[in-house]
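Undergrad: sequence and predicted structure are below.
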Amino acid sequence: MSIFNRRSQGKDLAERLGAREDELRASTLYRDAWIRLKKNKLALFAFAAIVVIVIIAIFAPLIAPYAPETQDLKNRNQGPSDAHLLGTDSLGRDLLSRIIHGSRVSLMVGIITECIAVPLGVLLGSIAGYYGGKIDAVISRIIETLSSFPFILFAMVLMYVFGTGLVAVFVALGIIGWIGLARLIRGQVIQLKEREFVEAARAAGASDLTIIFKHLIPNCLSTIIVVITLDIPDDIVYEATLSFIGLGVQPPMPSWGSMLAESMKYMRDNPGYAIYPGLALMFLVLMFNTLGDGLRDALDPKLKNL
Amino acid sequence: MLKYILSRLGQAVIVLLLATIVTFVLVNVAPGDPVITMLQKRADQAQIDRVRRELGLDKPLINQYFDFLTKAIRFDFGNSYSNRIPVMQLIKQAFPVTIKLGLWSLLFAAIFGITVGTLSAVFRGTLIDKFIMLLAIFQISAPAFWFAMMLQIFFGLHLKILPVSGMSHPLWMVLPVTVLGLRYGAMSARLIRTSMLDALSQDYVRTAKAKGVADILVVMKHVLKNASIPIMTMLGGMLRSMLSGAVVVERVFGIQGMGKLAIDAVMSRDINIIQATCLYSAFLFVIINLIVDLTYGLLDPRIRITGGAK
């Protein structure tokens, strides 16, 4: 009821002031951010491109001209032609179809890895920042230790532990992915917990959990959104790198990384095989990075150095 | 300052100890029996038991860990499981290659990043700035190993002026250093631009300009100096991610460095080498971080007095 009242009050006020209702509501953080983002044409283009790639990935079997695993041994390592727009690979499979299907692996890795990394990072980061003292010391040392290994080497060792394949990639990248986020959230929570609204909540009798989940984490939301957008392209590149080394997605499943690994043997005769999957990879990563940059500028100009 | 140095040293030792635990646990929870891998399934049970005893693998895990730790402190990681060569000998061969590659790339990246980033900041908003930043984001988005392959195709196979891979040609380092240097140079250019813009908007810059100090001197003496802390952080981070990026770039160019050693070890499940490469790079990372932190203390008196409390 109360929400209704407030809304209709807003409408009354709007009518009295001769303004449109949505202009009055425009003062929230996220509406401000949206207005700023709308002015950034590059970021909007990136967002649209990502949506298109997601649609292509979902409907890959309908869009791709061939099945990604259909071999045609008579037409191996062909250049672009009418039948095969980007040519064929070393087993005569259609490159375009494999690139289209490969987008599924990349996007899945980006999304599922973040689904593992974000809850871990947000939870551990906010606990460390909020409680401080010994808890913070333990979590901070864990973060420092895990980040003292080169990421790709650490990912390789995790793949050694979990075995190869797509699920192992999710788990390994998830275990690595929370570290950076936790460090940022910890820093923000340390600053936020001294603010008046936290004190007010505590004075009103809110428990630690309520303060963390209802007050502190929602205030870090813009950081979280920006970090996710900028971490997804990193995950995508890590997956491609692992698959390129031979530790990630295994054949015949099409992944851009494993396609590039295979193409190295045919670089002289079929350079297109090495060029096109990498272009797709670069384009997707570029779009996420551009969107992330735009979101960062729109949501939180303070995060410039991220 | 002494207190600051000691507290940072203490933290570094703790992190290194934790790194040995993480490495040891990871390698030991991995499926598969290293002894069977080592004997390549040809051995009978008695032989397997004998080798296991020789390697100390029959002791409780906690004893194994302390064995591992006491040996690791003396840089003794045992022999490679696949060819029985001492692991340290392999590392001594591979490490100089990687560090040489890393340092040349760092030099390339630092010169490129500082020049281009400063240009971009000084000419902010102009076409030069936009062009540089566009190139930078392209460079950052192209995966290092793919960019390496593109350089191989263009300079090695198409123009035939540089070697495609291997280490025998006198110019073998040109392409790998270009890949790593451009990538991390582009990353640093973006950061340098941001911190230069921050520094440029400070009052002391306006004062210096009002005094009639030449633009170039303002940039060199005031702006770069005050942007040096973020730049130091970045150089440290850059060296670290470069050593990480070198892993896969070494593979593309067939360079016999630490990256190749690590990849081969994971592929052949050679746990002594895996442990050694992990600890070696952790050691290196911790040292780099320590140097960066101590330089902060030197550059900024506020940090050394408060002990780096943020």
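TA: That came through fine. Numbers count the residues shown, from 1 in each chain, chains lettered A, B, ... in the order given.
Undergrad: tell me the domain ranges of chain B?
TA: B:32-74, B:94-270 (automatic domain parsing).
Undergrad: lowest-confidence helix or strand of chain B?
TA: Every helix and strand in chain B was compared by mean pLDDT, DSSP states H and E; the lowest is helix B:301-306, with a mean of 66.
Undergrad: before we move on, back to that, need the domains of chain B in CSV with mean neighbour count and distance to chain A, can you?
TA: In this view, the C-beta of every residue, glycine as well, is placed from N, C-alpha and C. Below are those laid out as CSV (neighbours: other C-beta atoms under 10 Å in any protein chain shown; distance: least, C-beta to the nearest C-beta, whole Å):
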stretch, mean neighbour count, distance to chain A
domain B:32-74, 13, 9
domain B:94-270, 19, 3
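Undergrad: looking at those domains, which has the lowest confidence?
TA: With a mean of 78, domain B:32-74 has the lowest mean pLDDT of the domains of chain B.
Undergrad: can you say which helix or strand has the closest residue in space to A:V157 that isn't next to it in sequence in it?
TA: What sits nearest to A:V157 in space, not counting adjacent residues and going by C-beta to C-beta, 6 or more residues apart in numbering or on different chains, is B:L26, at 5.6 Å. Per DSSP states H and E: B:L26 is located in helix B:2-29.
Undergrad: isn't A:M108 right up against A:V169?
TA: No: the criterion here is C-beta atoms under 8 Å, and A:M108 misses it with A:V169 at 9.3 Å.
Undergrad: A:H215 and A:A200 touch, don't they?
TA: No: using C-beta under 8 Å, A:H215 is not in contact with A:A200, being 9.3 Å away.
Undergrad: for these two, indicate the residue with more neighbours.
TA: For A:H215 versus A:A200, neighbours defined as other C-beta atoms under 10 Å in any protein chain shown are more numerous around A:H215 (18 against 11).
Undergrad: report the separation between the nearest residue to that one once chain neighbours are set aside and A:P65.
TA: In this structure, A:H215 finds its nearest non-sequential neighbour in A:A201, 5.5 Å apart by C-beta to C-beta, 6+ apart. Distance, A:A201 to A:P65, using C-beta to C-beta, to the nearest Å: 58 Å.
Undergrad: got it, and A:V226?
TA: Plainly put, A:V226 is 38 Å away from A:P65 if you go by C-beta to C-beta.
Undergrad: more crowded one of these two?
TA: Neighbours around A:V226 and A:P65, counted as other C-beta under 10 Å, are more numerous at A:V226. The numbers are 23 against 11.
Undergrad: tell me which element that one is part of?
TA: According to DSSP H and E, A:V226 maps onto helix A:221-245.
Undergrad: chain center to the longest helix along chain B, what's the gap?
TA: Counting residues, the longest helix found in chain B (DSSP state H) is helix B:87-122. Chain-centre distance of helix B:87-122: 9 Å, with C-alpha atoms, centre = their mean, to the nearest Å.
Undergrad: do the same with stretch B:13-28
TA: Offset of stretch B:13-28 from its chain centre (C-alpha atoms, centre = their mean): 19 Å.
Undergrad: not counting its own residues, what contacts it?
TA: A:141-142, A:144-146, A:148-149, A:157-158, A:160-161, B:61, B:64-65, B:68-69, B:72, B:271, B:274-275, B:278-279, B:282-283, B:286 (C-beta atoms under 8 Å, 6 or more residues apart in numbering or on different chains).
Undergrad: the stretch 201-306 of chain A against chain B: which residues are in contact?
TA: Taking C-beta under 8 Å from any C-beta of the partner chain as the criterion, the stretch 201-306 of chain A approaches chain B at residues A:233, A:237, A:240-241, A:244-247, A:260, A:263-264, A:267-268, A:271, A:274-275, A:278, A:281-282, A:285-286, A:289-290, A:293, A:304-305.
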